[in-house]
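Asks: Sequence first, predicted model second:
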Amino acid sequence: MHRKAYVPGVAALLAALLAALLAGCTSGSSDHGGTDNSNPGGSSTSTPAAEPGRYRTLPEPCGSVTHETLDSLLPGIRQLTDEEQREKAYEGTATPTFDTDRKVGCGWKVESADATDHLLVDFERVVSYDTAVSDDSEAEEVFASKQEAAHLPKPATSGASSSADPSADPSDSPASASISSSATPSGLQPRVLDGLGDEAFLDDALSSSGSTAQQRTVTVAFRTSNVIVTIEYEEQPATVGTVPDSKEMQDRARNLATQLAESLAG
C-alpha cells in the first residue's frame with residue numbers, strides 16, 4: 001500500500017516541475033517578442049531616395065545644330081565652294097570625353113572673308129551620388145557655381161540707367177571690365193535670362209588683343225532639369241579695328257539656345 005501511495009506523489013511532482021518549465025519558456029518568448037516589437041520594421045523611419053533627374057542620356061552634340069543655324073552662326077560655310085569641304089564644316093568635331101552619358105560637346109570653326117567664327121556646344125548631365133539629394137538639386141548647385149564664375153554684373157536698380165554706375169568699384173564686376181561699353185549697347189550686358197530652360201544667363205566679353213582684331217565671345221548657358229547646356233560663340237574680324245556686333249552675336253546664340261531647349265523638352 002505504501003508503494004502505491006508514493007508513485008502518484010512522484011508523478012505529481014514531475015508534472016509540477018514540467019508545468020513550471022513550460023511557463024518559464026512561454027514567459028521568455030513573450031519578453032523576447034516584446035523586445036522585437038519595440039522597433040517594428042526598422043526601415044520605416046529611413047528617408048526615401050530623392051527623385052532622379054529627367055534625363056538619363058544626352059543628345060548627339062554634332063547633330064544637335066541644324067545646317068540652317070550653322071549657316072547663320074558661321075557665314076564662312078556658305079562661302080565654301082567645295083562641296084566636300086562644306087559637308088566637313090557642317091559635321092564639326094566632337095569634344096573628347098571619357099563618359100558620353102555624362103558630358104558631350106562639339107565644335108565648329110570656319111573662316112570667311114570678313115572673320116573667323118567658332119562655335120562650341122556642350123551638354124552636361126548632372127547626377128547626384130547622395131541618395132538624399134536629387135539630380136535636379138545637384139544640377140542647380142553646379143549651375144549656380146557656373147553662373148558665379150561668369151561674374152555677371154549686378155542688375156541696375158529700378159528706374160536707374162542700365163549703364164554702369166561710375167561710382168561702382170570695377171573690381172565688383174570683372175566681366176564688365178572686358179566689355180567695351182561703347183561696343184556693347186545698353187541692355188546687352190551680361191545678365192540673367194528669363195524664359196530659357198529652368199534658369200539661364202548670358203555673358204558677353206570683348207578681348208583686348210592689342211594691335212590685332214578684337215575677339216568677342218558670347219556665352220549662353222541654361223539648365224533644364226539635370227542637364228546643363230553651354231554655348232560659346234566667338235568671332236574675330238579679319239580687319240584690325242573692327243569690333244564684332246554684340247546684338248547680332250547675342251541674337252544668334254540665343255536663337256540656338258532656344259532651339260536646343262525646345263529639342264530637350266520634346
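Replies: Arrived safely. Numbers count the residues shown, from 1 in each chain.
Asks: Residue 51 is in contact with residue 134, correct?
Replies: Yes - here residue 134 reaches residue 51: they are 5.1 Å apart, a contact under Cβ atoms under 8 Å. (C-beta placed from N, C-alpha, C; glycine too.)
Asks: So for these two, which residue has more residues nearby?
Replies: Neighbour totals were compared for residue 134 and residue 51, and residue 134 leads with 18 against 10 (other Cβ atoms under 10 Å).
Asks: how far away is the residue nearest to that one when sequence neighbours are not counted from residue 133?
Replies: Spatial nearest neighbour of residue 134, chain neighbours left out: residue 50 (3.8 Å); criterion: Cβ to Cβ, 6 or more residues apart in numbering. Going from residue 50 to residue 133 by Cβ to Cβ, to the nearest Å gives 6 Å.
Asks: quick one: which of the two has more around it?
Replies: residue 50 (16 against 13).
Asks: what sits against that one?
Replies: Shown in contact with residue 50 (Cβ atoms under 8 Å, 6 or more residues apart in numbering): 128, 130-135, 137.
Asks: what about residue 89, neighbour count?
Replies: 20.
Asks: Which of the helices or strands spans it?
Replies: helix 83-91 (DSSP states H and E).
Asks: quick revisit: inside strands: which ones of the contacts of residue 50?
Replies: Counting by DSSP state E, no part of the contacts of residue 50 is found in strands.
Asks: By neighbour count, sort out the buried ones in those residues.
Replies: Neighbour counting with 16 or more other Cβ atoms under 10 Å marks 128, 134-135, 137 as buried within those.
Asks: Present the contacts of residue 50 as a markdown table; the columns should include pLDDT.
Replies: A markdown table is the format used below for those (pLDDT from 0 to 100):
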| residue | pLDDT |
| --- | --- |
| 128 | 92 |
| 130 | 89 |
| 131 | 88 |
| 132 | 90 |
| 133 | 92 |
| 134 | 93 |
| 135 | 91 |
| 137 | 94 |
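Asks: Output these as JSON lines; include the columns distance to residue 213.
Replies: What follows is the contacts of residue 50, written out as JSON lines (distance: Cβ to Cβ, whole Å):
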{"residue": "128", "distance to residue 213": "44"}
{"residue": "130", "distance to residue 213": "48"}
{"residue": "131", "distance to residue 213": "52"}
{"residue": "132", "distance to residue 213": "51"}
{"residue": "133", "distance to residue 213": "46"}
{"residue": "134", "distance to residue 213": "46"}
{"residue": "135", "distance to residue 213": "43"}
{"residue": "137", "distance to residue 213": "43"}
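Asks: Among those, which ones are in helices?
Replies: 135, 137 (DSSP state H).
Asks: Name the nearest of the contacts of residue 50 relative to residue 231.
Replies: Ranked by distance to residue 231 (Cβ to Cβ), these are led by residue 135 at 22.0 Å.
Asks: nearest residue to the closest one other than its sequence neighbours?
Replies: residue 53 (3.1 Å).
Asks: Quickly note the distance from that neighbour to residue 104.
Replies: Distance from residue 53 to residue 104, by Cβ to Cβ: 16 Å.
Asks: do residue 187 as well
Replies: Residue 187 is 33 Å from residue 104, by Cβ to Cβ.
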